[in-house]
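[1] Build me a model:
(one chain, ligands or ions: 2)
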Amino acid sequence: MAERTILITGGAGFIGSHVVRLFVNQYPDYRIVNLDALTYAGNLENLRDIEQKPNYTFVRGDIRDLSFLNEVFSRYSFEGVIHLAAESHVDRSLEQPTEFILTNVVGTVNLLTAARNQWKSDFRGHRFYHISTDEVYGSVEHGGFFTEQTPLDPRSPYSASKAASDQFVQAFANTNGMPVLISRCSNNYGPNHFPEKLIPLMINNIINNKPLPVYGKGENVRDWLFVKDHARAIDVIYHRGRVGEVYNIGGNNEWKNIDLVHLLCEVMDRKLKRDPGTSARLITYVTDRPGHDLRYAIDSSKLQTELGWQPSVDFPTGLDQTVDWYLANAEWLRHVTSGDYRQYYESMYAGR
Ligand code: NAD
Ligand code: DAU
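    Residues are numbered from 1 along each chain as shown. Ligands and ions are numbered 1, 2, ... in the order given. Here you go, the predicted structure:
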């Protein structure tokens, strides 16, 4: 067995697949174990290019099952955990909050418990790295930015479950001495993003000439970061972050939703050789998301000054690459937009 074995949970999802790829390619001497339940959001097609690599192992399983996790921890001798598995979509959390408690809270506590069971005789050299989110801070409505000191103020079932898991991670550090790291990132975009989220949903609908549902007045603001830059930040924090610390990660790239959708329409018209203005005519204002957070804005200066990370891909370049990826991967899009996703889509947008 390789000397350094790292468990990555949720590696078949959007961000997790980029993290798994980066670690598998960049660290051929590590063994990377990807543990994923393959929910509607988990797609092994995301990892086709690396699945045959000798340092990669996939384990299908559910973090809600503690005895399964104990068995996995005793099968492999994990140096560390990078925990991304979660229910991740705010709109779904409004309909099915219990699923979010079970996976995001109970699942995270199970993972902490399994790690503690295995590492408790000597925590030295181990790391439990929890991928949290900027949504735990709530909404920053009057200017300013979230820092790592901003009090947690989650306002949706999704962010409440992420805030609870974030705090359980800190509680295990406090009570057991678990060597933890936490990062809280802003909105990601890029290849392999499931088309229930804003950018890939709009790209998919533009391709198919379907309405572009903008919630409310489209005035909500998000800070967008290219997913590969998030994966780079996770690499840096896992290897060089100070144990016990929280690091914010952001793109310093705030966009009002409606401006972002207009920009995307322009890019798509150009790529699809449609007349300027064609895609924008599909924009449809729909009922707002209940309790819709107005603005997320991250101050990531701690990560930048302490660990030297900064975003490497500017937004026009990242958006261009993202659109090109979706246009070149029609089969991926077709696969994920069938079955469960379609039913979900119909129920979520019926009446809107
Ligand atoms: P995603 O929904 O694309 O992927 C989640 C993955 O977790 C899927 O592969 C799914 O199969 C797996 N999973 C779900 N429930 C599981 C369970 N019970 N057991 C094992 N595996 C399970 O999510 P994402 O957008 O890639 O987000 C990954 C992580 O990053 C999440 O923790 C999320 O909260 C956090 N995050 C996301 C963003 C973003 O913009 N997407 C930003 C900041 C933080
Ligand atoms: O900030 C980090 C978070 O970003 C992550 O923790 C979440 O996992 C991730 O899903 C994302 O949450 P958001 O709610 O910000 O992302 P979403 O893509 O769902 O929505 C982005 C914005 O666009 C939000 O203001 C709602 C709006 N929106 C979304 C959809 C899907 C629309 O106007 N229309 C839509 O159809």
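[2] Report the secondary structure element holding N204.
    For N204, the element it lies in under DSSP states H and E is helix 198-207.
[3] How about that helix and ligand 2, touching?
    Yes: interface with ligand 2: helix 198-207 contributes 198, 201 (Cβ under 6 Å from any ligand atom). For the C-beta atoms, the positions are set from N, CA and C on the backbone; glycine is no exception.
[4] Please name every helix or strand in contact with that helix.
    In this structure, helix 198-207 makes packing contacts with strand 212-215, helix 257-271, helix 315-328, judged by 3 or more Cβ pairs under 8 Å, 6 or more residues apart in numbering; DSSP states H and E.
[5] Return the most buried member of these.
    With neighbours defined by mean count of other Cβ atoms under 10 Å, none of the helices and strands packed on helix 198-207 is more surrounded on average than strand 212-215, at a mean of 20.
[6] Can you name the element that comes right after that one?
    strand 221-226.
[7] Now do that following strand: distance to the chain's middle.
    The chain centroid and the centroid of strand 221-226 are separated by 12 Å, computed with Cα atoms, centre = their mean, to the nearest Å.
[8] how many other residues sit next to T175?
    As a burial measure, the neighbour count of T175 was computed by other Cβ atoms under 10 Å and equals 9.
[9] So it: helix, strand or coil?
    Per DSSP: H, G, I helix; E, B strand; the rest coil, the secondary structure class of T175 is helix.
[10] what does R289 give?
    Recorded secondary structure, R289: coil (three-state DSSP).
[11] Residues contacting stretch 3-12, please?
    Here stretch 3-12 makes contact (Cβ atoms under 8 Å, 6 or more residues apart in numbering) with 16-17, 19-20, 23, 27, 29-36, 38, 42-44, 46-47, 58, 63, 72, 76-86, 111, 238.
[12] Verify the stated contact: W224 with N187.
    Yes: counting by Cβ atoms under 8 Å, W224 sits close enough to N187 to count as a contact (5.2 Å).
[13] Return every residue with contacts to both of the two.
    Overlap between the contact sets of W224 and N187, as judged by Cβ under 8 Å, 6+ apart, is given by G251.
[14] quick one on the thing from earlier: quick check, the helix holding N204 touching ligand 1?
    No: contact of helix 198-207 with ligand 1 (Cβ under 6 Å from any ligand atom) is absent, the minimum separation being 9.7 Å.
[15] quick one: that helix to helix 315-328, angle?
    Relative orientation of helix 198-207 with respect to helix 315-328: 50 degrees, computed using axes from the mean of the first three to the mean of the last three Cα atoms, to 10 degrees.
[16] Look up how far ligand 1 lies from the closest residue in space to G107 that isn't next to it in sequence.
    The shortest distance from G107 to any residue that is not its chain neighbour, by Cβ to Cβ, 6 or more residues apart in numbering, is 3.5 Å, and that residue is I63. Here I63 is placed at a distance of 4 Å from ligand 1 (Cβ to the nearest ligand atom, to the nearest Å).
[17] Can you verify my assumption that I63 contacts T103?
    Yes: taking Cβ under 8 Å as the contact criterion, I63 and T103 are neighbours in contact, 6.8 Å apart.
[18] Show me which of these two is the more surrounded one.
    I63 (26 against 23).
[19] For the more buried one, give me the pLDDT.
    Predicted confidence (pLDDT) for I63: 98.
[20] can you check A350 too?
    Confidence score, pLDDT, at A350: 66.
[21] what does E346 give?
    On pLDDT, E346 comes in at 60.
[22] likewise D36?
    You'll see D36 listed with a pLDDT of 96.
[23] Kindly report the same for E141.
    Residue-level confidence at E141 comes out at 84, pLDDT.
[24] In contact with it, which residues?
    Residues 294-295 are the ones in contact with E141 under the rule Cβ under 8 Å, 6+ apart.
[25] Quick check: it is in a helix.
    No: assigned with three-state DSSP, E141 falls outside any helix and is coil.
[26] Kindly provide the distance from it to ligand 2.
    13 Å.
[27] Now do that residue against S132, distance only.
    In this structure, E141 and S132 are 21 Å apart, going by Cβ to Cβ, to the nearest Å.
[28] Could you pull out the buried residues of stretch 175-193?
    Buried residues in stretch 175-193, counted by 16 or more other Cβ atoms under 10 Å: 176, 178-193.
[29] Endpoints of it, how far apart?
    One end of stretch 175-193 sits 37 Å from the other (Cα to Cα, to the nearest Å).
[30] Rounded mean pLDDT for it, please.
    98.
[31] for stretch 279-286, same thing?
    If you average the pLDDT over stretch 279-286, you get 98.
[32] and ligand 2, which of the buried residues of stretch 175-193 reach it?
    Near ligand 2, by the rule Cβ under 6 Å from any ligand atom, you find 186-187 out of those.
[33] Out of the buried residues of stretch 175-193, list just those in helices.
    With helices taken from DSSP state H, the overlap with those comprises N176.
[34] sorry, back to before: put together CSV for the helices and strands packed on helix 198-207, with distance to R124 and mean pLDDT on each row.
    Conversion of the helices and strands packed on helix 198-207 to CSV gives the following (distance: least, Cβ to Cβ, whole Å; pLDDT from 0 to 100):
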stretch, distance to R124, mean pLDDT
strand 212-215, 48, 98
helix 257-271, 45, 98
helix 315-328, 39, 97
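[35] Where does A163 sit, in terms of helix or strand?
    Under DSSP H and E, the secondary-structure element containing A163 is helix 157-176.
[36] Could you list the buried residues of that helix?
    Burial within helix 157-176, assessed by neighbour count using 16+ other Cβ under 10 Å, is assigned to 157-170, 172-173, 176.
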